[in-house]
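S.K.: Build the 3D model from these lines:
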Amino acid sequence: MLGWRATFFIVLSLFLMVCDYEWQCLSPLRAVINTAISPIQIIVDFPAVALNWTTDNLITRKELLHENAQLKAERVLLEVNAQKIIFLERQNNELRALLGLTQKINGKYITAEIMAVDAHHVGQQVIVNKGENFGVYIGQPVVDAYGVIGQVIMVNSMNSRVMLVTDSKSAVPVINTRNGMRAIAVGVNDQNMLELAHVPDTADVKKGDILVTSGIGLQLPAGYLVGVVESVGHTVGERFAKVVVTPYARVNSSRYVLLLWSDTISDNTDSSKHKSKITRQRVRVSPRSK
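M.R.: A predicted model of the protein is given here:
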């Protein structure tokens, strides 16, 4: 009995295979069966699909976080490099401007770098990296690429202390290029301004007047830019006008400066017989007292 059944099913299977191959007679049935079992396949495959989806998303998120961290680090590095480039460009421009100034100087000079700002002093002072070893002396004028920045007030072998023109003890003889009026530009411990001392209320001084060193008093060579008149204030009953001057020198940003010698001093700095003469000149050019 079992043999007949087996033979029957074998013959039936062969018939269905040939029928499906030749006439595609089982395609509708196959479609119905596939439609019926597709939900079961989805349910059976869901854990594997969910696991793969979760794994892919976790890997993608981790990669995105890593890439984001790399991009942030690269951005910070680019910003740091950009700041360095800006600093180097500014330094290069300053040196170029200083070089242009040296071509106009007839006397002796040396280039110095500002090493530090004296934060412990109530006034406006900086330290430069040139001292007695380079012949620097007390009272020596100091300029940057844009104008007079100050004068040396203390010297040791390796460096010197410079009092800026904005220091309240500084007093620079100046002359108005418009009308030849002479005055004294004094500091007020403000890096952005100077004042003209004891200017009569009726004096011919206007906003925009350019002030240069007059050369009087052997303090500074004549003709160096000091500042431009920013405002002229008049007070009823006061004898003197308040004249505010903006310094040409970049007092709070210059890094390189020139230390100048006048012709009378530069010719004799190496001669011991003139040391007493220079010492007397230092006394005459010392800063004004408060």
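
S.K.: For Lys242, see how far away the spatially closest residue to Pro247 that is not a sequence neighbour is.
M.R.: Once flanking residues are discounted, Pro247 sits nearest to Gly227: 4.6 Å by C-beta to C-beta, 6 or more residues apart in numbering. Any C-beta I mention is one placed from the backbone N, CA and C, and that applies to glycine too. As judged by C-beta to C-beta, to the nearest Å, Gly227 and Lys242 stand 15 Å apart.

S.K.: Between those two, point out the one with more neighbours.
M.R.: Gly227 (26 against 14; other C-beta atoms under 10 Å).

S.K.: gap between stretch 153-165 and the chain center?
M.R.: Offset of stretch 153-165 from its chain centre (C-alpha atoms, centre = their mean, to the nearest Å): 25 Å.

S.K.: Give me the contacts around that stretch.
M.R.: Stretch 153-165 has contacts (C-beta atoms under 8 Å, 6 or more residues apart in numbering) with 112, 115, 118, 123-133, 136-140, 142, 148-152, 169-170, 172, 185, 187, 191, 194, 226, 247, 249, 251, 257, 259, 286-287.

S.K.: beta partners for Ile184?
M.R.: Beta bridges link Ile184 to Pro173, Ala197, judged by DSSP bridges.

S.K.: Next, count neighbours for it.
M.R.: Neighbour tally, Ile184, other C-beta under 10 Å: 19.

S.K.: The residue nearest to Pro247 contacts Gly147, doesn't it?
M.R.: Yes - using C-beta atoms under 8 Å, Gly227 is in contact with Gly147, at 7.1 Å.

S.K.: Identify the contacts common to these two.
M.R.: Counting by C-beta under 8 Å, 6+ apart, the contacts common to Gly227 and Gly147 are 247-248.

S.K.: Now for Tyr109, how many residues are close by?
M.R.: Neighbours of Tyr109 (other C-beta under 10 Å): 19.
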